[in-house]
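Asks: here is the input, now give the coordinates:
(chains A and B)
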Protein chains: 2
Amino acid sequence: MSAVSPLAPSSFPELPPVDGVRLGAMEAGIKYKGRHDLALWLLDAGTTVAGTFTKSLTAGAPVLWSQKSLKEGGGSARAIVVNSGNSNAFTGKAGMTTVLATGEKAAELAGCALNEVYIASTGVIGEPIPADHIPTMLPRLHNVIEPDLWHDAGRAIMTTDTFPKFATATAQIGGVSVRINGVAKGSGMIAPDMATMLGFLCTDAAIPAGVLQTMLSGVVDRSFNAITVDSDTSTSDTVLLCATGKAGNAAPSSADDPALADFAAKLEVICLDLAHQIVRDGEGASKFVEIAVTGADTDLAARKIGLSIANSPLVKTAIAGEDANWGRIVMAVGKSGEKADRDRLQIHIGGVKITDHGQVVDGYDEAPVAEHMKGQEISIEVEIGVGSGHAKVWTCDLTHGYIEINADYRS
Amino acid sequence: MSAVSPLAPSSFPELPPVDGVRLGAMEAGIKYKGRHDLALWLLDAGTTVAGTFTKSLTAGAPVLWSQKSLKEGGGSARAIVVNSGNSNAFTGKAGMTTVLATGEKAAELAGCALNEVYIASTGVIGEPIPADHIPTMLPRLHNVIEPDLWHDAGRAIMTTDTFPKFATATAQIGGVSVRINGVAKGSGMIAPDMATMLGFLCTDAAIPAGVLQTMLSGVVDRSFNAITVDSDTSTSDTVLLCATGKAGNAAPSSADDPALADFAAKLEVICLDLAHQIVRDGEGASKFVEIAVTGADTDLAARKIGLSIANSPLVKTAIAGEDANWGRIVMAVGKSGEKADRDRLQIHIGGVKITDHGQVVDGYDEAPVAEHMKGQEISIEVEIGVGSGHAKVWTCDLTHGYIEINADYRS
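Replies: Reported below is the predicted structural model:
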């Protein structure tokens, strides 16, 4: 395995129990040896759920299963089954047979309907998991679940991740304190022979499923959907947010309810934290890069321009080389296809203004910018000058490490 | 400089004169030392022209100049001035002053109107070229131009190219033999601190400008616009096709004229040849990859799917690692956003069918595919199964060499 990313956090937060949630992990032998690779969340009756999934048109069987549950399950979730080592994607009818058998066993253990079960898988594409493998393991896993095993679950869903991703917060809803816990995995949008960005969040807040979905969709757009390691989209991406209602707050009727303001803010903090951890564990990453785009035609245009910069191999290799190569940023703005005015473009790197009015500023001194490029945290700000749309996106640099992980993997 | 690409041709074709065209190159000292960096084409009166340019919204001053000439010059071209070492892009008003001074001097030497002059520049972004630099050099260059200096011109426009790109052909129009010569440069869609894919083609055929433009636009879509090295779009891309009319064929009235069939076919051969040479000189390239997409919703959808595969860092690194990682091809089809049916997708690599009906074929033997991956010419065929749209695109692999060239450039 690769060494731990140089951008890894120095310690991991404790995740206290979320009332109504029990979880755990086990070594199921799906692919890895000597580590957990199967996780189970059991959720008390009354738990609501929201989900977002990969937009890939070649999504895997677990994604199709979970999308169906979200559509037909009345907003209720009782079990989440997640395995690593095999994505069960592009496995045809065999893949559907496997998720059905897994769903049936999980429903039996949780005492719930099939469409209250969610399934996610991450790992190699194109190799079916024998249909009885996970169902055979689940009863043993069901026997060991506890309220406080978030670290076990977070580690079990890792593939080529070099560190697990955790986040936790408390929020106030109408004077009631609620908890939000989250775990995630991902080390590329898709990792070597592996797939997937996964995120699982639980709260004890009482929030109706529809409201939960509105909040999650908005936050995911500004967090998990605003990061990129290599521009590649997995066939298995899944984020689930479950609310057990045990905290006893008055259930809000809409996402605009002022009582939800603090919860919404904390949810965004958690999702951003997890999303940034995924970037910090980007394959081969040596630098964490924030790209702030302002003055675009719309917020969507700003995000597209940001992602055009973040996905540019030339920008990413320049950052790896600690080269303040702003010409490549100009290029990436130009290729985004979004409205831009070359002569109004302003670029700051590390807070230093480099260009203005379509050319480099008078007396540009590269020294402080060069110094900034040597750090691990890189800041790029781009003012487009045509409107008020803004967005932030995050990425990492493109290094020899990425090539080693992805090209040299089987050698 | 980098070693010559392992995919370089073993020899370069002679380019015979094209009647009505004189050209040459010189060492103008714009950036490089000890090599030519300025090229000039002079075209006899009556020469028609067609052009295509970068779609970048941050296009450089030379592109804006040439686009204006094409729009306002009545389809006539008399001079083309091309320099390497400096793209004169993102140079604000200084850049426009430079192209105006260059255009005025070239028009004076050619005895033509300003808008019969075309200018292209390739190299570093953001550093203005002093306005009098090229005008001062042009009279000396004008003194040495000859009909047979295509090799000089082709070498003068190189930046990080490891070999020059030439192609030549003869075609029949209504029983008259005409010649087509072309040169191109490019080693990334944009190279280290450099920009640009450039192509300059001349023929002695008589073809009205409007007809020439229709033919060029179609061919460029299937050749230069169907290649990608790193998904990055230059601020300076330019392709010009000039027709001197000296061959004396009857001028066709439309691009559909049957008399143009052979010429159109040869023009496509030349453009494809030059485009493929650019891919073979892709930064760090060790393998040439053809991706044929069939069965897509439309031809445009097929091209988008092809480019999604060709631009995927995970597909490109897998090819570099000689890994027949078809799961990443599935992923890239899925992320393209184009209509696809996972369960009808067929993938062939090196002519061997790998997947069918949404899963790997029964008894798949990876040995012949693994053998194919060891070669320098990689073939990927993807049948989408939803329509009759088809397209071919070409790319190279993503290797440590790319990172070395682009990240380690200034170290």
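Asks: tell me if A:Arg140 really is in a strand.
Replies: No: A:Arg140: not assigned to a strand; according to DSSP: H, G, I helix; E, B strand; the rest coil it is helix.
Asks: correct me, but it touches A:Ala25?
Replies: No: when contacts are counted by CB atoms under 8 Å, A:Arg140 is not listed as touching A:Ala25 (11.3 Å). Backbone N, C-alpha and C define where each C-beta goes, glycine included.
Asks: of the two, who's got more company?
Replies: The residue with more neighbours, out of A:Arg140 and A:Ala25, is A:Ala25; 26 against 11, by other CB atoms under 10 Å in any protein chain shown.
Asks: give me the neighbour count for the closest residue to the more buried one other than its chain neighbours.
Replies: The spatial neighbour of A:Ala25 that comes closest, neighbours along the chain excluded (CB to CB, 6 or more residues apart in numbering or on different chains), is A:Ala156 at 3.5 Å. Using other CB under 10 Å, A:Ala156 has 29 other residues around it.
Asks: now swap in A:Lys55 and tell me
Replies: 12.
Asks: and A:Ala292, how far from chain B?
Replies: Noted for A:Ala292: a distance of 18 Å to chain B, by CB to the nearest CB, to the nearest Å.
Asks: and the host helix or strand of that residue, C-alpha only, in PDB?
Replies: A:Ala292 is part of strand A:288-296 when elements are defined by DSSP states H and E. C-alpha atoms of strand A:288-296 as PDB (Å, rounded to 0.1, in the frame of the first residue of the first chain):
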ATOM      1  CA  PHE A 288      -4.200  20.900  -1.500                       C
ATOM      2  CA  VAL A 289      -5.600  23.600  -3.800                       C
ATOM      3  CA  GLU A 290      -8.500  25.900  -3.300                       C
ATOM      4  CA  ILE A 291      -9.800  27.700  -6.400                       C
ATOM      5  CA  ALA A 292     -12.200  30.600  -5.800                       C
ATOM      6  CA  VAL A 293     -14.000  31.900  -8.900                       C
ATOM      7  CA  THR A 294     -15.900  35.200  -8.700                       C
ATOM      8  CA  GLY A 295     -17.500  37.500 -11.200                       C
ATOM      9  CA  ALA A 296     -18.700  34.800 -13.500                       C
END
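Asks: could you list the paired strands of it along with their orientation?
Replies: Strand A:288-296 has its sheet partners listed here by DSSP bridges as strand A:377-383 (parallel), strand A:389-396 (antiparallel).
Asks: tell me which of those sits nearest to B:Ala302.
Replies: Closest to B:Ala302 of these is strand A:389-396 (CB to CB; 29.1 Å).
Asks: average pLDDT across the closest one?
Replies: Mean pLDDT, computed over strand A:389-396, is 94.
Asks: do stretch A:349-358 as well
Replies: pLDDT averaged over stretch A:349-358 gives 92.
Asks: what about the residue nearest to A:Val99 when sequence neighbours are not counted, how many residues close to it?
Replies: Excluding the flanking residues, the one nearest A:Val99 by CB to CB, 6+ apart is A:Trp65, at 4.3 Å. Neighbour count for A:Trp65, taken as other CB under 10 Å: 26.
Asks: ok, A:Glu72 next?
Replies: Applying other CB under 10 Å, I find that A:Glu72 has 11 neighbouring residues.
Asks: any idea how far it lies from chain B?
Replies: 21 Å.
Asks: likewise A:Ser121?
Replies: For A:Ser121 relative to chain B (CB to the nearest CB), the value is 13 Å.
Asks: what's near enough to touch that residue?
Replies: A:60-62, A:82-84, A:86-89, A:129, A:196, A:236 (CB atoms under 8 Å, 6 or more residues apart in numbering or on different chains).
Asks: list the contacts for A:Gly174?
Replies: Here A:Gly174 is in contact with A:Asn249, A:Ala250, A:Ala259 (criterion: CB under 8 Å, 6+ apart).
Asks: quick check, nearest of those to chain B?
Replies: The nearest member of the contacts of A:Gly174 to chain B, counting by CB to the nearest CB, is A:Ala259 at 38.1 Å.
Asks: which residue is the nearest non-sequential neighbour of the closest one?
Replies: Per CB to CB, 6+ apart, closest to A:Ala259 is A:Gly174, 4.3 Å.
Asks: picking up where we left off before, contacting residues around the residue nearest to A:Ala25?
Replies: Contacts of A:Ala156 (CB under 8 Å, 6+ apart): A:Ala25, A:Met26, A:Arg35, A:His36, A:Asp37, A:Leu38, A:Ala39, A:Val82, A:Ser84.
Asks: closest one of those residues to chain B?
Replies: A:Ser84 (15.6 Å).
Asks: wait, a strand at the closest one?
Replies: Yes: per three-state DSSP, A:Ser84 lies within a strand segment.
Asks: what are the structural domain limits within chain A?
Replies: A:21-274, A:288-407 (automatic domain parsing).
Asks: can I get those domains in a markdown table with distance to B:Pro164?
Replies: Shown next, in a markdown table, are the domains of chain A (distance: least, CB to CB, whole Å):
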| stretch | distance to B:Pro164 |
| --- | --- |
| domain A:21-274 | 32 |
| domain A:288-407 | 23 |
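Asks: can you say which of those is nearest to B:Ser336?
Replies: Checked against CB to CB, the stretch from these lying closest is domain A:21-274, at 7.8 Å.
Asks: show the average pLDDT along the closest one.
Replies: Domain A:21-274 comes out at a mean pLDDT of 91.
Asks: starting at the chain centroid, how far to it?
Replies: 11 Å (CA atoms, centre = their mean, to the nearest Å).
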